[in-house]
Structure formats: C-alpha cells, structure tokens
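Enquirer: coords below, sequence missing:
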C-alpha cells in the first residue's frame, strides 16, 4: 500500500490569502500523472497548523476526489494534543481516506513506553491504517527501532515516515529486519537515496512536487537493483532537495512553484515568512 513516492501537497494561497482549491487539484493531478503513488494532505508541508477547520475539509475533499480518479492512496496528517484528541480526529476522517500519518504529541516526551501505549490505543480505534511519523527533532521524542518494530506488528499500523534528521543506527537496524507488512518511508528528502538503498519502500517527499518522475525513477531503480542509475539520480536529486530546505519548509518550495507558474502566490502564513529571493534562485538553478 505504501510503496513508492508520496507527495505531501503544499496548500497554495491566492492573492487574497484564501486557499486556492483549484490549484491544489491541478498540483494533485500533475504529481499523480507523473507517477506518484499517492498524496499526503494536511502534512507539515501543507501548513496544516495554519489552516482552519473548514479549510482542512476542503483540502481533503479535493485530494480525495483526485485520488479516487487516479486510484491512488490518500494519506491525511492527523494530530492531537493527547491520545484521546488524536483518536477523535481519526474517527472523524472521511471514508475516502486510505491512511493516517500520525505523530507523537509534541512537547510531552512520553518515553518509549508512552509511545507504545499511545499508538496501540490509536490502532484499536482508527478506521484506517496508521503511518507513524517519526520526527524527533519536532516532537522531542526519539523512538527506537525495537519500539517501531513492536508497533509495526499491529495489523493497523502500516509503516513509518522516518525523519530522524539523518541515517542513524536505528534506521539501519529497522530496515535490516522490519515486521512483515510494515513499510519504512523516507521523510528526510535529502536522504531518500541511501534509505532506499537500505531497503526503504519509498518516501513522503516535499521535493517530489518538482521532478516527480525523477524521484519515482529513483525508487524504481533501487528496487530493481540498478545501482549505477540509482546512484547518479540520487546525487542529482539530493542537491535539489538540499536547496529546497535551506529555509523553513515549504517556503522555498512555494517560491519555486510560484516562479514556475504552478501556484498563484508564494505566500505562507505567519509565523512562516516567504523564502528569500536568493534561496529560490538557488533552488531554481538545480533543475
């Protein structure tokens, strides 16, 4: 279900600051037509924290419609301040959603026993498979390979978006022996090629808004064992990803998408501010 490249869509805004729904639909069709396996709505790249409830509903609706047409997986980011709030948000997901991307509640740092209890409780209530978003530099809570392996044995936990800020020993250990049916997806764009080489199933990559077909080809090359092709692609795409993340995500990405005429403005919502012209220019030069 999770194999391949999934694109966490930006939320474009029009000149009045409203969500540009038609543009979301165009972006969604474009990346799926170029080979993406699915979309992720309401992720960090989509500025979910800055969207109101009605805006979130509209984003899900348009992504669900496009995914249904293209027979692609729709994953929705789900957050909550605690386990009960997260479970409630999961139960409220519309039927068209295929999976939920769930983080550990930020700032609580519940320890690994708390992490296990949190996700096991969610797994008993969720209507869709869960993807654990492992991103300790945002949540403040590291999760070991052993804990992810234990959670991955649950039939309603389908995988993890692994974004530890690099390739650490835990990633190597997890990919050496993942639970059956549990997929590891790269969540740090610049490291997708080496993680694929270690056995990752794919990635959830903001960079794949651009060069979608290239990232799909990269995953296919590693899965086919074509090391020479994969290594060359990986080096080139890593440079693009690095350029896109020189300032807070998704500011540079939005600047590039706007420069290419793909979204109506490069605007983000405070406390984010638009990317500098220099950062956008450097990213454009990596095409």
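Expert: Perfect, thanks for sending it. Source: prediction; values computed, not measured.
Enquirer: Phi, psi for residue 183 please.
Expert: Backbone torsions of residue 183, given as degrees, to the nearest 10, read phi -110, psi 140.
Enquirer: Residues in contact with stretch 259-266: which ones?
Expert: Residues from elsewhere that reach stretch 259-266 (C-beta atoms under 8 Å, 6 or more residues apart in numbering): 10, 12-15, 20, 23, 26-27, 30, 251, 254-255, 257-258, 274-275, 280, 284. Every residue, glycine included, has its C-beta placed from N, CA and C.
Enquirer: Selection in PyMOL covering whichever of the residues you listed are buried, please.
Expert: PyMOL command restricting the contacts of stretch 259-266 to the buried ones, with burial defined by 16 or more other C-beta atoms under 10 Å:
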select buried, resi 10+12+13+20+23+27+251+254+255+257+258+274+275+280
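Enquirer: Which members of the contacts of stretch 259-266 are positioned in helices?
Expert: 23, 26-27, 30, 251, 254-255, 257-258, 280, 284 (DSSP state H).
Enquirer: Would you format these as TSV with distance to residue 173 included?
Expert: Shown next, in TSV, are the ones in helices among the contacts of stretch 259-266 (distance: C-beta to C-beta, whole Å):
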residue	distance to residue 173
23	41
26	41
27	36
30	37
251	34
254	36
255	38
257	37
258	41
280	38
284	38
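Enquirer: Quickly name whichever of those residues is closest to residue 36.
Expert: Using C-beta to C-beta, residue 30 comes nearest to residue 36 of these, at 9.1 Å.
Enquirer: Does that closest one touch residue 213 like I think?
Expert: No. When contacts are counted by C-beta atoms under 8 Å, residue 30 is not listed as touching residue 213 (10.5 Å).
Enquirer: any chance of the ones in helices among the contacts of stretch 259-266 in a markdown table, with pLDDT and distance to residue 185 too?
Expert: Rendered in a markdown table, the data for the ones in helices among the contacts of stretch 259-266 read as follows (pLDDT from 0 to 100; distance: C-beta to C-beta, whole Å):
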| residue | pLDDT | distance to residue 185 |
| --- | --- | --- |
| 23 | 98 | 26 |
| 26 | 98 | 25 |
| 27 | 98 | 20 |
| 30 | 98 | 21 |
| 251 | 98 | 23 |
| 254 | 98 | 23 |
| 255 | 98 | 26 |
| 257 | 98 | 22 |
| 258 | 98 | 27 |
| 280 | 98 | 27 |
| 284 | 97 | 27 |
